[in-house]
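# Here you go, sequence then predicted model.
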Protein chains: 2
Amino acid sequence: MVVSATGERELLGAVAYGELSAFDRLAEDARLAPDLADRVRMTAIAVTEFEHHARISERLAGLGVDPVEAMEPFRRPFDEFHRLTRPKTWYEGLLKAYLGAGLAGDLYREVADLIGDDTRELVYSVVNDPGFDDFVVDRVVAAIKADPDQAGRLALWGRRLVGEAMSQAQRVIGEQPALTGLLADPDAGRDLADVGRLFTRLIENHARRMKRLGLSA
Amino acid sequence: MVVSATGERELLGAVAYGELSAFDRLAEDARLAPDLADRVRMTAIAVTEFEHHARISERLAGLGVDPVEAMEPFRRPFDEFHRLTRPKTWYEGLLKAYLGAGLAGDLYREVADLIGDDTRELVYSVVNDPGFDDFVVDRVVAAIKADPDQAGRLALWGRRLVGEAMSQAQRVIGEQPALTGLLADPDAGRDLADVGRLFTRLIENHARRMKRLGLSA
């Protein structure tokens, strides 16, 4: 068993399950697509998430950690988040995919920045997907242009998504001593106020994504 | 636009949509898995189906055919098959994946045998997955051993699956003049009796797969 840095196993477990559940939801939400071409496009994005999951699992196995065990503590919060934010329309699904991936990616990167080089690079490599962002922005902006009433509904949906995501993220960090210890490590000069600032940054980035879609955060 | 052999476009369109819908159902049925390890396993199989879909779509594009257009005529029969055979349990899902992939693979190969080398090789390369078969056989045989009552229920389920599959396959071939023309091409000395013999072979192979699971066909 390779000794891993504090919080590394938890970060990788969270990302592995996060990507697996993202796969699951995107594969399902792809069926809301208005045509076969967009369904294939969304499905391809889901498949990319699964490939990310597989790479993270491989890394866990390389550290001597059973990926299933590492993912286990994160099932409940991710499943709960998805259960509470089930899209009813194609556009709700697109918005969720874009905002959810953005928020999760920001959080994973923030944690990865406090961990060793190899894991940091791996995590960064699985959370960047600008091609997907452009696809969503294109579709959502066009939908709002065609039907301005969509803007209000989608803005509300975006606020609900960020609320549920924040409450699950706080719960995960609170329940995982290794993550709390890493994010508020006194030896590294960090405390709970830093965790608060982290959440503020997440919300600021979320607001920027909403603005890019022409929606009020 | 590259000129393609009679029935080539239809075969590739059917396989492309067949693999896309197989992805869809496997990704959904993976959620019936009793544990996270089997869910990941089933999801990986779904992802492989999507990769097959992508390779076939690429080939269609290479022939100058829009993959979405080529898939369109096959949506209804595949969707109908899946709608009528929605698994209620993990084992029904496993059985469906195994028997469905077997039947579809046999049919695709039979048609591909009548077409040019490149497409034949491509189709053969996307329908062979012995690793998956072993996984299903292992799980289903163990489940029947643990609960012999399962055998009767699953045998019934297998009969229903093959019945629905055969009726959709006959419909597809009947509705597609290029496929009918290829399978019953008088210039090649083939007639409708050959189509009948093809279906007999499909049912014989299905019975062999049922037997491998210890189920009566």
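Structure received. Numbering: from 1, shown residues only, chains lettered A, B, ... in the order given.
# Once you drop chain neighbours, what's closest to A:Leu11?
Using CB to CB, 6 or more residues apart in numbering or on different chains and skipping the chain neighbours, the partner closest in space to A:Leu11 is A:Val111 (4.9 Å). The way it works is simple: take the backbone N, C-alpha and C, and place the C-beta from them, glycine included.
# Please list the residues of chain A that sit near chain B.
By CB under 8 Å from any CB of the partner chain, the residues of chain A that approach chain B are A:20, A:23-24, A:27-28, A:30-31, A:35-37, A:40, A:43-44, A:46-47, A:50-51, A:53-54, A:57, A:67-68, A:71-72, A:75.
# Any quick ChimeraX command for the buried ones out of those residues?
Remark: buried members of the residues of chain A next to chain B, expressed as a ChimeraX selection using 16 or more other CB atoms under 10 Å in any protein chain shown:
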select /A:20,23,24,27,28,30,36,40,43,44,46,47,50,53,54,57,67,68,71
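# Next step: the residues of chain A next to chain B restricted to helices.
A:20, A:23-24, A:27-28, A:36-37, A:40, A:43-44, A:46-47, A:50-51, A:53-54, A:57, A:67-68, A:71-72, A:75 (DSSP state H).
# wait, what's in contact with A:Trp185?
Not Trp; residue A:185 is Asp. A:6, A:114 (CB atoms under 8 Å, 6 or more residues apart in numbering or on different chains).
# List the buried residues of the helix or strand of chain A with the lowest mean pLDDT.
One helix or strand of chain A scores below all others by mean pLDDT, DSSP states H and E: helix A:130-146, with a mean of 88. Neighbour-count burial for helix A:130-146, with 16+ other CB under 10 Å as criterion, is recorded at A:132-133, A:135-137, A:139-140, A:143-144.
# and the two most separated of the residues you listed?
Distances among the buried residues of helix A:130-146 were taken as CB to CB; the most separated pair is A:Phe132 and A:Ile144, at 18.8 Å.
# mind saving the C-alpha coords of the helix or strand hosting the residue nearest to A:Leu11 as CSV?
Assigned by DSSP states H and E, A:Val111 falls within helix A:90-112. The C-alpha coordinates for helix A:90-112 follow below in CSV (Å, rounded to 0.1, in the frame of the first residue of the first chain):
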residue,chain,number,x,y,z
TRP,A,90,-33.9,19.4,-22.0
TYR,A,91,-32.8,22.9,-21.0
GLU,A,92,-32.9,22.2,-17.3
GLY,A,93,-30.7,19.2,-18.0
LEU,A,94,-28.3,21.2,-20.1
LEU,A,95,-28.1,23.9,-17.4
LYS,A,96,-27.6,21.4,-14.7
ALA,A,97,-24.8,19.7,-16.6
TYR,A,98,-23.0,23.0,-17.2
LEU,A,99,-23.4,24.5,-13.7
GLY,A,100,-22.9,21.2,-11.9
ALA,A,101,-19.7,20.4,-13.8
GLY,A,102,-18.5,23.9,-13.2
LEU,A,103,-19.2,23.9,-9.5
ALA,A,104,-17.8,20.4,-9.0
GLY,A,105,-14.7,21.2,-11.1
ASP,A,106,-14.0,24.3,-9.1
LEU,A,107,-14.3,22.4,-5.8
TYR,A,108,-12.1,19.5,-7.0
ARG,A,109,-9.4,21.9,-8.2
GLU,A,110,-9.5,23.9,-4.9
VAL,A,111,-8.9,20.6,-3.0
ALA,A,112,-6.4,19.3,-5.5
